[in-house]
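Colleague: Need coordinates for the following:
(chains A and B)
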Amino acid sequence: MSMKFGRIKVAMVAAVVGLSALAGCDDSAPQGEVALHDAEAAEARQAQPDARLQTHEIVASTPTAAGLAYIQAVAAAHREADAHQGADQGDARMAALQGGLDLAVPSGLPEAEILRLELASRIASEWLERGKADKARALLVPMLDPGHSVPLDRSSAKALVLLGDAAARTGDDALAAGTYARSIRMMSILRQEIER
Amino acid sequence: MTLPSLPRTAIAGMLWVVVSIATGCGPTAGGTVTPTSRAPGTREGPEPLGDQEGDSVPELEKRLQRLSGEQAARMDDAMTDTQACHDLCSLSASICEVEVKLCDIADRQPQEGSYQELCREAQQECREAQSSCEDCVGEHTDNSPEAPVTQPTEPTETTPAPGS
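Modeller: Reported below is the predicted structural model:
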């Protein structure tokens, strides 16, 4: 990722599939990691995938001292997480990543959106590996709301795939299908950009 | 003017030497020898084009510098192409991997048209992505005698997620 700072150029690429969406949960989940109430399960059964995708481009910006400090702190969090190898150090690894995610984002640093998605993806991957798909899902859902724009970047595509995996493991087919479809659209846009 | 008295044979000898040097035909003449036949292995065909660059050390150094620059530029272009192909094929593999997951879910919802539509769209995206990967690799192979670094890959369950 470019470490230059930048203003955000919001080039909205709206690949909107007009499907109403609501992610619910389904107690017929194959792995049943989330206990659901009957009402929620009924809602999930009726839910339709929401494959709306709005994207914006992250453009390099003017450097600031606060922005540079933030980027260095995030890099330090990744390094610390990398230093804690092995299953027995999972909690320390997670704490380091969570510390990075909890950092206050300075103003005028659009790149922070991508950095936060990368941190969230690492945390979500850890949760999925531990069989805690519900936690991965809870982390990623607010960051990837179909009603909001997401950065046009591979980090977004990866986070969407992870959210789809988490939704599939919690038995939420609507959320899984919609999120997988969004990730495919994101990757298709990225592919077309390379081909230009 | 009076010529010194020399024997006739000496005068004749001196004249022969002078004429020989002037025409370059004497037995000791040092002029350029024009080859009358090609040496073994010499290429037939037109003469080389362009300016004679010279064979002196400074000229060779200058030529080496120029060719090194050209080689570096061509390598840069090739690496850019290779990276683009790698990115396209990586995205293609990821798209097709996710397409499989999406269509598995759609298979569980056979009555739901929206799921089937998303699956069809994903299959189309997968085909297009694979095609662009193959085209890129094919083009790269056509332009270079050496095999490309990246080859199109079939989607697999173990393919890393995008961005990894």
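Colleague: all helices for chain A, in order.
Modeller: If you assign secondary structure with DSSP state H, the helices in chain A sit at A:38-46, A:65-83, A:90-102, A:111-129, A:133-140, A:154-169, A:173-195.
Colleague: With mean pLDDT and mean neighbour count as extra columns, can I get the ones you listed in TSV?
Modeller: Heads up, the C-betas are built off the backbone N, CA and C, glycines and all. Conversion of the helices of chain A to TSV gives the following (pLDDT from 0 to 100; neighbours: other C-beta atoms under 10 Å in any protein chain shown):
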stretch	mean pLDDT	mean neighbour count
helix A:38-46	59	14
helix A:65-83	97	15
helix A:90-102	97	17
helix A:111-129	97	22
helix A:133-140	98	22
helix A:154-169	98	27
helix A:173-195	97	25
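Colleague: Need these in a markdown table (columns: distance to chain B).
Modeller: A markdown table is the format used below for the helices of chain A (distance: least, C-beta to the nearest C-beta, whole Å):
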| stretch | distance to chain B |
| --- | --- |
| helix A:38-46 | 10 |
| helix A:65-83 | 14 |
| helix A:90-102 | 15 |
| helix A:111-129 | 8 |
| helix A:133-140 | 13 |
| helix A:154-169 | 4 |
| helix A:173-195 | 4 |
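Colleague: could you redo these as TSV and give each row distance to residue B:119?
Modeller: As requested, those are arranged in TSV below (distance: least, C-beta to C-beta, whole Å):
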stretch	distance to residue B:119
helix A:38-46	19
helix A:65-83	36
helix A:90-102	34
helix A:111-129	23
helix A:133-140	22
helix A:154-169	13
helix A:173-195	8
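Colleague: of all the ones you listed, which lies closest to residue B:104?
Modeller: Ranking the helices of chain A by proximity to residue B:104 (C-beta to C-beta) places helix A:154-169 first, at 8.5 Å.
Colleague: Could you export the closest one as CSV, CA atoms only?
Modeller: Included here for helix A:154-169 are C-alpha records, laid out as CSV according to Å, rounded to 0.1, in the frame of the first residue of the first chain:
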residue,chain,number,x,y,z
ARG,A,154,-7.7,-5.5,-2.1
SER,A,155,-7.9,-5.1,1.7
SER,A,156,-11.6,-4.5,1.3
ALA,A,157,-12.0,-7.5,-0.9
LYS,A,158,-10.2,-9.7,1.6
ALA,A,159,-12.3,-8.4,4.5
LEU,A,160,-15.5,-9.1,2.5
VAL,A,161,-14.4,-12.7,1.8
LEU,A,162,-13.7,-13.2,5.5
LEU,A,163,-17.1,-11.7,6.4
GLY,A,164,-18.7,-14.1,3.9
ASP,A,165,-16.9,-17.0,5.5
ALA,A,166,-18.0,-15.9,9.0
ALA,A,167,-21.6,-15.5,7.8
ALA,A,168,-21.5,-18.9,6.1
ARG,A,169,-20.2,-20.6,9.3
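Colleague: list the helices and strands that helix packs on?
Modeller: The elements that helix A:154-169 packs onto, with contact taken as 3 or more C-beta pairs under 8 Å, 6 or more residues apart in numbering or on different chains; DSSP states H and E, are helix A:111-129, helix A:133-140, helix A:173-195, helix B:57-107.
Colleague: Count the neighbours of the closest residue to residue A:147 other than its chain neighbours for me.
Modeller: Leaving out its chain neighbours, the residue that sits closest to residue A:147 by C-beta to C-beta, 6 or more residues apart in numbering or on different chains is residue A:52, at 7.2 Å. Counted with other C-beta atoms under 10 Å in any protein chain shown, the burial measure for residue A:52 works out to 21 neighbours.
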